[in-house]
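Q: Structural data only, the sequence is not supplied:
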């Protein structure tokens, strides 16, 4: 490894309170900080690229972030966290920088996704890092994962509050969860699932009028959303669909075989 990389890592360890040798410790201060450290070192040395995958240890396998040189050499700024020194790196997603906060990602199975963090540029860096890590581990697919993602993010950052509501985008209104800071700033870990520009429409689940806006099912006849104040049951959305659906079901009785 180049001396300048080694010096940078040593300075980073000292800055974060790591003790002098023997450095490989179970109680390393940089344990679990691989993503943050790799981003920081990547900014200092643009020739290095981010790598994400598994660190294969004598004790098991753990998800991990590190850096790679153009020659394919591993540069791991948080290797100090691995207690016995031996570690093998299994990269499962190759990240290629397209610009600030923007990467092309290619998984080892050939799957590609766009890791675009530019819409998060105004958020606190700790939120940016968490979201980037989450999106990368999900292989870029965060569609329908807002409930779980926001629950995990609030667990990590208790100052955030989960907010239910709708997102209005090019395909219409979508039920959604996002997070909000104490100052009212939206932090949405799964915003990348929505194309182009969109806006948030929060609801209050304790307000009966807002509850009426939440679908309770899908019409068996026309596939439209069914709402609490629909004129029919939670199976169909209207009397017209009820008659059509009953006629469809009854028609099978008299089909000729």
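A: Sure thing, it's come through. Model, not experiment: these values are computed from the prediction.

Q: so where is the stretch 51-200 of the chain shaky, pLDDT-wise?
A: For the stretch 51-200 of the chain, the stretches with pLDDT under 70 are 83-85.

Q: let's see 80
A: In the predicted model of the stretch 51-200 of the chain, residues 58-59, 83-86, 108-109, 196-197 satisfy pLDDT under 80.

Q: hmm, who's touching the strand with the most length in the chain?
A: In the chain, taking DSSP state E as the definition, the longest strand is strand 88-99. The list of residues contacting strand 88-99 from outside it, by C-beta atoms under 8 Å, 6 or more residues apart in numbering, reads 49-56, 61, 64, 66, 68, 74, 76, 103-108, 115, 118, 136, 139. In this view, the C-beta of every residue, glycine as well, is placed from N, C-alpha and C.

Q: The protein: strands as residue ranges?
A: 49-57, 60-68, 74-75, 88-99, 102-107, 112-116, 161-169, 172-180, 186-187, 199-202, 217-218, 225-226.

Q: next one: the fourth one to chain centre, how far?
A: Between the mean C-alpha location of strand 88-99 and the chain-wide mean there is a distance of 17 Å, by C-alpha atoms, centre = their mean, to the nearest Å.

Q: and that strand, which strands flank it?
A: strand 49-57 (antiparallel), strand 102-107 (antiparallel) (DSSP bridges).

Q: Return the most buried member of these.
A: Of all the strands paired with strand 88-99, strand 49-57 has the most neighbours on average by mean count of other C-beta atoms under 10 Å, namely a mean of 19.

Q: Now do that strand against strand 112-116, angle only.
A: Strand 49-57 runs at 110 degrees relative to strand 112-116, counting by axes from the mean of the first three to the mean of the last three C-alpha atoms, to 10 degrees.

Q: Kindly reformat the strands of the chain as a markdown table containing distance to residue 32.
A: Formatted as a markdown table, the strands of the chain follow (distance: least, C-beta to C-beta, whole Å):
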| stretch | distance to residue 32 |
| --- | --- |
| strand 49-57 | 12 |
| strand 60-68 | 9 |
| strand 74-75 | 19 |
| strand 88-99 | 17 |
| strand 102-107 | 22 |
| strand 112-116 | 21 |
| strand 161-169 | 24 |
| strand 172-180 | 21 |
| strand 186-187 | 21 |
| strand 199-202 | 31 |
| strand 217-218 | 42 |
| strand 225-226 | 42 |
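
Q: Quick one: closest of these to residue 6.
A: Smallest distance to residue 6 across those (C-beta to C-beta): 9.2 Å, for strand 74-75.

Q: Which neighbouring elements make contact with the closest one?
A: Helices and strands touching strand 74-75, as assessed by 3 or more C-beta pairs under 8 Å, 6 or more residues apart in numbering; DSSP states H and E, comprise strand 60-68.

Q: Mind listing residues that contact the strand it packs on?
A: 34-35, 37-38, 41-42, 45, 48-55, 74-78, 89-91, 133, 137.

Q: Can you flag the buried ones in those residues?
A: Among the contacts of strand 60-68, those classed as buried by 16 or more other C-beta atoms under 10 Å are 34-35, 37-38, 41-42, 48-55, 75-78, 91, 133.

Q: Next one: residue 30, what pLDDT does it get?
A: pLDDT, residue 30: 81.

Q: what's the answer for the one 10 residues further on, then?
A: Note on residue 40: pLDDT of 92.

Q: same check, this time on residue 17
A: 77.

Q: what about the closest residue to residue 178 other than its chain neighbours, how many neighbours?
A: Take residue 178 and drop its neighbours on the chain: the residue closest to it by C-beta to C-beta, 6 or more residues apart in numbering is residue 188, 4.0 Å away. When neighbours are counted by other C-beta atoms under 10 Å, residue 188 registers 27.

Q: For residue 188, give its distance to residue 203.
A: Distance of residue 188 to residue 203, given as C-beta to C-beta, to the nearest Å: 15 Å.

Q: In contact with residue 196, which residues?
A: Applying C-beta under 8 Å, 6+ apart, the residues near residue 196 are 169, 170.

Q: how much space is there between it and residue 171?
A: 10 Å.
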